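K.L.:
model the structure of this input:
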Amino acid sequence: MKFTGFQKRGAAADSFTTDTKDVRFSSGSVQASLDMLSTSDVRALVRGGGTINLADLKASNEMNSYSYDFYMGKLDLLAETFTKNMNEVNKKGNTNYAGVTNPNYVLMINKDNAGGNDPSNVTAANIGISRGWVNGTTHIGTNGFRNGASATNRGDTTDTVLEMLEQMTSPMMKMNNTKTNYADYMNNVSTTLATDSYANKNAQEINKAVLEGINNSRDQLSGVSLDEEAANMMTYSSSYNAAARLMTTLNDTLETLLAIGR
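P.N.:
Okay, here's the model as predicted:
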């Protein structure tokens with residue numbers, strides 16, 4: 001059985017994570033480590049809309065910190081949302097007043113996809129700039145629509161750039177059931193990660209102190225110190241070797257004396 005952590009709530013077991021809801025340890029550092037490997041698909045919860053129960057983002061109610069997958073999901077969600085919004089704004093800027101869109105409007109893409117212009121399935125690990133934008137076939141749109149522009153009342157050619165800049169400070173990300181901008185979203189992720197890291201470090205130090213206390217108590221109860229016994233064993237071994245050499249010398253001396261007596 002591939003025991004990698006608690007299966008995310010409300011989801012079927014997959015090929016990567018064993019459903020371990022029936023084989024959880026009651027407590028301890030082993031279960032805590034397994035919980036940190038648990039899945040937490042924050043992207044799916046955000047896409048689903050509605051209210052997000054933060055408890056659903058943890059493997060169990062006993063978890064004090066979020067799992068590694070939670071933080072990767074938060075960063076992936078940022079990359080996905082940023083890519084979608086920037087491309088949508090540029091698509092609008094590349095659509096003329098007759099409704100015809102220039103197909104070369106994609107700016108942000110999944111660099112792992114073939115072709116270099118595919119924005120599907122973007123994550124924090126594969127987000128990149130489109131090949132068209134790099135080689136000059138894709139441009140920032142110049143059709144302006146910000147102030148009710150029409151065929152007879154054309155907007156400003158900088159409208160697309162202005163809307164992109166506006167999005168950088170607008171509430172585009174969902175965070176704890178509220179909307180926030182990209183910078184505040186990233187600050188929240190960093191703060192949460194720092195808090196979890198500090199808590200885990202303290203927990204590690206406490207567990208280490210408890211383990212040392214248990215080992216000391218065990219040595220006191222057994223009356224045996226492994227370090228002292230190891231030192232004594234080395235001393236006894238040296239004494240035995242010295243005694244063996246002495247017996248060999250005495251035996252040789254006795255043989256010599258007997259030979260002389262004959």
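K.L.:
going by C-alpha atoms from here, please, whenever you check contacts or count neighbours.
P.N.:
Will do.
K.L.:
just the C-alphas of stretch 186-203, formatted as PDB.
P.N.:
Only the C-alpha atoms of stretch 186-203 are listed here, as PDB (Å, rounded to 0.1, in the frame of the first residue of the first chain):
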ATOM      1  CA  MET A 186       0.600  36.600  -2.400                       C
ATOM      2  CA  ASN A 187       1.200  38.400   0.900                       C
ATOM      3  CA  ASN A 188      -1.400  36.300   2.600                       C
ATOM      4  CA  VAL A 189       0.100  33.100   1.200                       C
ATOM      5  CA  SER A 190       3.500  34.100   2.400                       C
ATOM      6  CA  THR A 191       2.200  35.100   5.900                       C
ATOM      7  CA  THR A 192       0.300  31.800   6.300                       C
ATOM      8  CA  LEU A 193       3.300  29.800   5.200                       C
ATOM      9  CA  ALA A 194       5.600  31.700   7.600                       C
ATOM     10  CA  THR A 195       3.100  31.000  10.500                       C
ATOM     11  CA  ASP A 196       2.900  27.300   9.600                       C
ATOM     12  CA  SER A 197       6.700  27.100   9.300                       C
ATOM     13  CA  TYR A 198       7.100  28.700  12.700                       C
ATOM     14  CA  ALA A 199       4.500  26.400  14.300                       C
ATOM     15  CA  ASN A 200       6.100  23.300  12.800                       C
ATOM     16  CA  LYS A 201       9.500  24.400  13.900                       C
ATOM     17  CA  ASN A 202       8.300  24.800  17.500                       C
ATOM     18  CA  ALA A 203       6.500  21.400  17.300                       C
END
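K.L.:
three-state assignment of N117?
P.N.:
Taken by DSSP: H, G, I helix; E, B strand; the rest coil, the conformation at N117 corresponds to coil.
K.L.:
what number of residues lie near it?
P.N.:
21 (other Cα atoms under 10 Å).
K.L.:
isn't it right up against R131?
P.N.:
Yes: with contact defined as Cα atoms under 8 Å, N117 reaches R131; the gap is 6.0 Å.
K.L.:
what do those two both touch?
P.N.:
Here N117 and R131 have no joint contacts, going by Cα atoms under 8 Å, 6 or more residues apart in numbering.
K.L.:
counting neighbours, what do you get for M86?
P.N.:
So M86, with other Cα under 10 Å, has 20 neighbours.
K.L.:
kindly report the same for D252.
P.N.:
11.
K.L.:
and the next element down the chain from the one helix or strand N187 maps to?
P.N.:
Using DSSP states H and E, N187 sits within helix 182-222. The C-terminal neighbour of helix 182-222 among helices and strands, as given by DSSP H and E, is helix 226-261.
K.L.:
can you tell me the average pLDDT over that following helix?
P.N.:
If you average the pLDDT over helix 226-261, you get 79.
K.L.:
done for today, thanks.
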